[in-house]
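In: Starting from these lines, generate the structure:
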Amino acid sequence: MIIYNLFPLLAGPFPDWTPHFKRAAAMGFDWIFVNPVQALGDSGSLYSISDYFGINQAFVGPGSSSSQKQLRAACTAAEKLGLSMMTDLVINHCAIDSPLVQEHPEWFVMKRGKPTNPFCVEPDGSKVIWEDLAQFDHRKSTDKDGMLAYFVSVVEHLADLGFRGFRCDAAYQLPAEFWQSLISRCRAKHPDIVFVAETLGCSPKQTKSTAAAGFDAIYNSAKWWDFTSPWLLTQYALTRSLLGSISFPESHDTERLFSETGGNLDAMRQRYLFAALFSSHLMMPMGFEYGFRKRLHVVNTRPKDWEEPTIDLTDFITQVNGIKQGSSVFGSEGPIEQIPHPNEAILILRKKAAKGCDQALLILNKDPHGHQYLHIDDLYALIDAPPPLHDLSPDWPMDYLPTPFEFDLGPGVARVLTTEGNKRP
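Out: Okay, here's the model as predicted:
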């Protein structure tokens, strides 16, 4: 899956989504992920859902068409462009002022007669409590069957509106048994439906348990890798044989990369290429292609926050997506090894296809600010597959790869070499 995250508060009403679909399809994306579009509680946060069967009126455009008809029409427009639609499934919690709290108090974690707020612990040890949310009790509720049936009906309702996939928010906080039941029941009616688990910030044990619950993919932490420490490859190896993972250069939960890097175009290109080629799946939020700097906000972002583009990465993104689409190595969760190089500013990864004998080398300048000299005595000593290697690099691809191999790697620049024949996009 090559996923374009259409952030609805920035995109605006449903009828305004089609130009974003067209741009995403032209860049080679095949999925659109939309954050929640359901009716919200008083806090106005996209992730504080009050009515799972209602529609957020902020996304309803003018005209006589109902909100559901407008959403269905948007999903149909995406499908006509070859795009599958995915949305959030937020069932770890709901809005504290949702009618569900009064109608089904047995579904919630209660303390002194009041619903408990979910929380998280930040890396610095501080505790963040979301007071606008009520925590569902998926472990000890006296009516787990009723709650499960309710959320199955939510999925089926959203599937009827046109969504083919679901990003399961905070999936690791729910029991694996719950997910197994929900996924199997939903697939009985919709066999091709896709479920993706949001697992960022959880322990390795939680990651593996969630991954084995029937999901199609989980998220990985490649965005935060320093290109050196072993933890990312350890994380990747933990689940790669179970399911695919999704990399991203930034998300709606992070700072904008263009702002984070001080407007470094080379860092943008470096991080996008690495995210695209590291794991089997990829996600990019809208605005990344134009170097937007304003962080996406689940309450305050509005269409007026659309920025005047300062850069245009659409051609580069299209090229990298094309490399990914045409590759059994970069489109699968095959084994990855880090190969040492005398120049510590150069990263060399060898990735193998999950099936078959094809392999690839990703040689990356870790430094997004300066040039690095690359020298390899024998490229073919780095692979254990039959030659030749083909150069699919987006920058200055070579028709012939000499031995020894030398190259001046510009800031953040990569060489992408593969045994998969000449499939250059």
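In: Rounded mean pLDDT for stretch 66-85, please.
Out: Stretch 66-85 comes out with an average pLDDT of 97.
In: got the buried residues for it?
Out: 67-68, 70-75, 77-78, 83-85 (16 or more other C-beta atoms under 10 Å). In this view, the C-beta of every residue, glycine as well, is placed from N, C-alpha and C.
In: try stretch 276-294
Out: For stretch 276-294, by 16+ other C-beta under 10 Å, it's 276-292.
In: got it, and stretch 382-396?
Out: 382-383, 385, 389-394.
In: Tell me what Leu409 is bridged to.
Out: Beta-bridge partners recorded for Leu409 (DSSP bridges): Gln372.
In: And for Lys101, the neighbour number?
Out: Not Lys; residue 101 is Val. 18 (other C-beta atoms under 10 Å).
In: Distance-wise, check it relative to Cys168.
Out: According to C-beta to C-beta, to the nearest Å, Val101 stands 21 Å off from Cys168.
In: top helix in this protein by residue count?
Out: helix 144-161 (DSSP state H).
In: Assign Ser3 to helix, strand or coil.
Out: If you look again at residue 3, you'll see it is Ile, not Ser. strand (DSSP: H, G, I helix; E, B strand; the rest coil).
In: Next up, the contacts around it.
Out: Ile3 is in contact with 29-33, 86, 246, 281-284, counting by C-beta atoms under 8 Å, 6 or more residues apart in numbering.
In: go again using 6 Å as the cut-off
Out: Taking C-beta atoms under 6 Å, 6 or more residues apart in numbering, we find Ile3 in contact with 31, 33, 283.
In: picking that back up, enumerate the positions of the longest helix of the chain that are buried.
Out: So, applying 16+ other C-beta under 10 Å, buried residues of helix 144-161: 144, 147-148, 151-152, 154-155, 158-159, 161.
In: Can you give the domain ranges for this structure?
Out: 2-325, 336-418 (automatic domain parsing).
In: and the end-to-end length of the last one?
Out: Translated: domain 336-418. Start and end residues of domain 336-418 are separated by 14 Å (C-alpha to C-alpha, to the nearest Å).
In: How far off centre is that domain?
Out: Distance, stretch centre to chain centre, for domain 336-418: 26 Å (C-alpha atoms, centre = their mean, to the nearest Å).
In: quick one: the helices in the chain?
Out: Using DSSP H, helices in the chain cover 8-11, 18-26, 67-80, 99-103, 144-161, 176-189, 204-211, 231-239, 257-260, 265-278, 314-325.
In: now the angle between helix 18-26 and the third one, please.
Out: If I follow you right, that is helix 67-80. Orientation note: helix 67-80 sits at an angle of 30 degrees relative to helix 18-26 (axes from the mean of the first three to the mean of the last three C-alpha atoms, to 10 degrees).
In: can you redo the helices of the chain as a markdown table with distance to Asp367?
Out: Output for those, formatted as a markdown table (distance: least, C-beta to C-beta, whole Å):
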| stretch | distance to Asp367 |
| --- | --- |
| helix 8-11 | 32 |
| helix 18-26 | 31 |
| helix 67-80 | 39 |
| helix 99-103 | 52 |
| helix 144-161 | 44 |
| helix 176-189 | 41 |
| helix 204-211 | 30 |
| helix 231-239 | 18 |
| helix 257-260 | 16 |
| helix 265-278 | 9 |
| helix 314-325 | 19 |
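In: Least confident of these, on average?
Out: helix 204-211 (a mean of 87).
In: what's across from the residue nearest the centre of the chain in the sheet?
Out: By C-alpha atoms, centre = their mean, the chain has its centre lying nearest to Met283, at 3.8 Å. Here Met283 sits in beta bridges with Ile3, going by DSSP bridges.
In: List the contacts of it.
Out: Counted by C-beta under 6 Å, 6+ apart, Met283 has contacts 3, 5, 246, 248.
In: got a winner among these for most neighbours?
Out: Phe248 (28 neighbours).
In: How about Asp137, nearest residue that isn't a chain neighbour?
Out: What sits nearest to Asp137 in space, not counting adjacent residues and going by C-beta to C-beta, 6 or more residues apart in numbering, is Val109, at 4.5 Å.
In: Next one, pLDDT for the one you found please.
Out: 95.
In: Roughly how far does it sit from Asp143?
Out: 13 Å.
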